[in-house]
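Enquirer: using only what follows, build the 3D model:
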Amino acid sequence: HCISSAASDVYKRQSLSGPQFLHIATKKGFGFSPAESDPNKFHGISKKSTSTENITYTEVFSSWLLDAAKKNKQLCAITPAMADGSGLTKFAKKYPKRFFDVGIAEQHALTFAAGLASNKIKPVVAIYSSFLQRGYDQFIHDVALQNIPMLFAIDRAGIVGADGPTHSGNFDISFLRCIPNVILMAPSNENECYAMLEYGYKYNGVCAVRYPRGSGMSKKVNKNLGDIKLGKSKTLFSGKKIVILAFGPILNTCIDVANDLNATLIDMRFIKPIDETAIIKLAKTHKLIVTVEDNTIHGGAGSAVLEILSKNKIVIPTLTLGIPDKFVNHGSQDEIYKECGLDKNSIKKKIVMNFK
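Expert: Numbers count the residues shown, from 1 in each chain. The predicted model follows:
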């Protein structure tokens, strides 16, 4: 009724000269009292599982942030209107003066963070992968170019699922690894995520940790992992002939594949700087290199591996697996992984087809 009345009023005044401006104020959840009283919770809702859920990566970040804030008085957290979704609600209540919600203004969030970091404050920017795209110019010019120390906690990286193609974090590896002065990490589980956030915050430069929507492998996080070394990967299995280089939680899908094929499995951990020494060594002791990531194949982590091989004039069969060159559909995460050929059976089938 409000909109139709306003439109009617504008129609009546069409004879007026000059531009017309229609400003409509809305209220989230209007007419549905639960949504009106808790608009953050009802921004997006999904079916709840009846089973006990494992800890989510967002909850790992929330836990780490509270722990880090106790030890670092200069820490502050910034979000572009995603406090609840990014796991900042508890931090905002406990440290209201160190919490900044800048609204739906990703560009401002990054420039604001750069300004704070230039004044002896160490900001943590909590942002979705798909939303970081909106602040790309500011990331380059206001942060990376000046090499201003800060941590980017990139949630919803990779295949997001039910939020559709607009929110899928398909591109962050590709658009971040090409920028100088940037450290980019991908944890394979909740323990690695906590350790990488801790490492990234202490690092004296621009550091980003990308982690997915959804749960890790356990119901609680081990906060004492503490073995993150810059640019170093970790070997999980030592096999023969085939080596799988996995980036991020897709590693857990690759475990069964590696076991079935007696393949070497590497948790790469770092996308930038990538473990060049390990790649060269593995290329000399295996017959096929397979890279697996939940990012677009073009310009992704697999491309980084190919660059290392090219740079060192190493000729070896390679298979790069990731999200195809298309926008993903709406669906569950499992459905989209299967559609992209990143489920266990698809990965195994592609490796067997390419190994001779």
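
Enquirer: need the pLDDT of the closest residue to L197 other than its chain neighbours.
Expert: For L197, the nearest residue in space outside its immediate sequence neighbours is W64; the separation is 4.5 Å by Cβ to Cβ, 6 or more residues apart in numbering. Backbone N, C-alpha and C define where each C-beta goes, glycine included. At W64, the pLDDT value in this model is 97.

Enquirer: wait, W64 touches G200, no?
Expert: No. Using Cβ atoms under 8 Å, W64 and G200 do not qualify as a contacting pair, with a distance of 10.0 Å.

Enquirer: does H286 really touch S238, like I thought?
Expert: No. Shown here, H286 and S238 do not form a contact pair, counting by Cβ under 8 Å, at 10.5 Å.

Enquirer: other SSEs contacting the helix or strand hosting the residue nearest to L197?
Expert: Applying DSSP states H and E as the criterion places W64 in helix 57-71. Using 3 or more Cβ pairs under 8 Å, 6 or more residues apart in numbering; DSSP states H and E as the contact definition, the elements that helix 57-71 packs against are strand 75-79, helix 89-94, strand 122-128, strand 150-155, helix 190-202.

Enquirer: which residue is nearest the middle of the chain?
Expert: The centroid of the chain falls nearest to A157 when counting by Cα atoms, centre = their mean (2.8 Å).

Enquirer: nearest spatial neighbour of that one, skipping sequence neighbours?
Expert: Distances taken as Cβ to Cβ, 6+ apart put R210 closest to A157, at 3.7 Å, once the chain neighbours are dropped.

Enquirer: likewise for D67?
Expert: In this structure, D67 finds its nearest non-sequential neighbour in K223, 7.2 Å apart by Cβ to Cβ, 6+ apart.

Enquirer: same thing with D325?
Expert: Take D325 and drop its neighbours on the chain: the residue closest to it by Cβ to Cβ, 6+ apart is H298, 5.9 Å away.

Enquirer: how close does that neighbour get to G87?
Expert: If you measure H298 against G87 using Cβ to Cβ, to the nearest Å, the figure is 30 Å.

Enquirer: who has more neighbours, the two?
Expert: G87 (25 against 15; other Cβ atoms under 10 Å).

Enquirer: quick check: that one touching E59?
Expert: Yes. Using Cβ under 8 Å, G87 and E59 qualify as a contacting pair, with a distance of 6.3 Å.

Enquirer: coming back round to it: helix/strand/coil for the residue nearest to D325?
Expert: Three states are possible here, and by DSSP: H, G, I helix; E, B strand; the rest coil the one that applies to H298 is coil.

Enquirer: quick one, helices of the stretch 101-250 of the chain?
Expert: Counting by DSSP state H, counting those that start in this stretch, the stretch 101-250 of the chain has helices at residues 106-117, 129-132, 136-138, 172-177, 190-202.

Enquirer: which non-adjacent residue is nearest A114?
Expert: In space, not counting the residues next to it along the chain, A114 is nearest to D142; the distance is 4.3 Å by Cβ to Cβ, 6+ apart.

Enquirer: the one you found contacts L110, correct?
Expert: Yes. Taking contact to mean Cβ under 8 Å, the distance of 6.0 Å between D142 and L110 places them in contact.

Enquirer: which one's more surrounded, the two?
Expert: Neighbour count, other Cβ under 10 Å: between D142 and L110, L110 has more, with 29 against 20.

Enquirer: quick one: pLDDT of the more buried one?
Expert: Looking at L110, its pLDDT stands at 98.

Enquirer: what's the answer for the one 4 residues further on, then?
Expert: At A114, the predicted lDDT confidence score is 97.

Enquirer: show me the contacts for F30.
Expert: When the contact criterion is Cβ atoms under 8 Å, 6 or more residues apart in numbering, the partners of F30 are E36.
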